[in-house]
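In: have a look; sequence and predicted model below, questions after that.
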Amino acid sequence: MAKKFIYETVVKDSQIDVFGHVNNVYYIQYFEEARWSLGDESGFGREYAEKERKGLIVIDFYVRFRKELRAQEKVRVVSEVLQYRKKLVKLEQKIYGESGEVACNGLVTLALFDVKDRKIIPCPDEWHDRIELPRGTRMSRTSILGS
């Protein structure tokens, strides 16, 4: 089983919409912040991207909203790499509210992008060990997002 990466934040008042809960765009922002945190912790985050001029980009992204989040609520995002291939990384992400219930599920496919050559390239072999996932592990989108 792959290592789970935890990112925590607090809902800001400015992220609340007219319905009194977090606007959907901020759920996506929490996922993005968590991915950068995972990358930084694993050695292929901001510093790597700036130095090597390579970084992970989103290829596709599926989201399922489950529970609302409210102002000043503590939020925990759990990210886990489900699949690691030569050029693609599939990541499951879940946002939990203070109640411990899942507020949102996400499934994202990432690829390593070479900024200089403007193309997708293979991920370095050493990344595999940093995320602690057996190569070729697979899981379907429906099993992650539920019905």
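Out: Right, received. Where do you want to start? Numbers count the residues shown, from 1 in each chain.

In: need the three-state assignment for the residue sitting nearest the centre point of the chain.
Out: For the chain, the residue nearest the mean C-alpha position is residue 35 (4.1 Å; C-alpha atoms, centre = their mean). When classified by DSSP: H, G, I helix; E, B strand; the rest coil, residue 35 comes out as helix.

In: how far away is residue 37 from residue 117?
Out: For residue 37, the distance to residue 117 (C-beta to C-beta, to the nearest Å) stands at 27 Å. From N, CA and C alone the C-beta is placed, and that goes for glycine too.

In: now do residue 95
Out: Distance of residue 95 to residue 117, given as C-beta to C-beta: 34 Å.

In: now do the helices in this protein.
Out: 24-42, 46-52, 126-131, 141-145 (DSSP state H).

In: possible to save those as a markdown table with distance to residue 103 and mean pLDDT?
Out: Formatted as a markdown table, those follow (distance: least, C-beta to C-beta, whole Å; pLDDT from 0 to 100):
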| stretch | distance to residue 103 | mean pLDDT |
| --- | --- | --- |
| helix 24-42 | 7 | 95 |
| helix 46-52 | 26 | 92 |
| helix 126-131 | 24 | 73 |
| helix 141-145 | 14 | 45 |
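
In: these: which one's closest to residue 74?
Out: For residue 74, the closest of the helices of the chain is helix 24-42, at 11.8 Å, according to C-beta to C-beta.
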